[in-house]
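J.: I need the structure of the sequence given here:
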Amino acid sequence: MILMSSSLNSFLQMIGAIIIFGFVLIITYFTAKWVGGFQKTQMKGKNLQVIESMRIANNKFVQVIKAGEKYLVIAVGKDEVTMLAELPAEQLKETPQDTQEDFQDIFNKLKNHFPKKQG
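T.: Numbers count the residues shown, from 1 in each chain. Next up is the predicted model:
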């Protein structure tokens, strides 16, 4: 009888831990969604946009940014930012409107890339 109550107590503790874990996951999901939406609204309508970024060394990047109607190439280091050149829009391979993809499009491309599981 004592063994049975000990097992029941352990089972109830495990169920309680699973419920608490699920609750924490739900809170984390909604918090991340809220913070992402808040940051998106903060960035919307601004005059600066990163078009493309490429790492050239540890903590060093070359970026193409759109500032207003101009496209600039900048070098970004750990403690400095240097303008390298100004690009005419005609020299860009893709315009920013062409590169706008939502997560669902990216996910579908990735999903179609992997073979279907035979079951």
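J.: and the strand ranked longest in the chain, which residues are buried?
T.: What stands out as the longest strand in the chain, according to DSSP state E, is strand 48-57. By neighbour count with 16 or more other CB atoms under 10 Å, strand 48-57 contains the buried residues residue 51. (C-beta placed from N, C-alpha, C; glycine too.)
J.: Just give the strands next to that strand in its sheet, each with its orientation.
T.: Paired with strand 48-57 in the same sheet, following DSSP bridges, are strand 60-67 (antiparallel).
J.: Against which helices or strands is the helix or strand just after the strand it pairs with packed?
T.: Next in sequence after strand 60-67, counting helices and strands by DSSP states H and E, comes strand 70-76. Counting contacts by 3 or more CB pairs under 8 Å, 6 or more residues apart in numbering; DSSP states H and E, strand 70-76 packs against strand 60-67, strand 81-87.
J.: Counting by contacts, list what the last one packs against.
T.: Here strand 81-87 is seen to pack against strand 70-76 when contacts are counted using 3+ CB pairs under 8 Å, 6+ apart.
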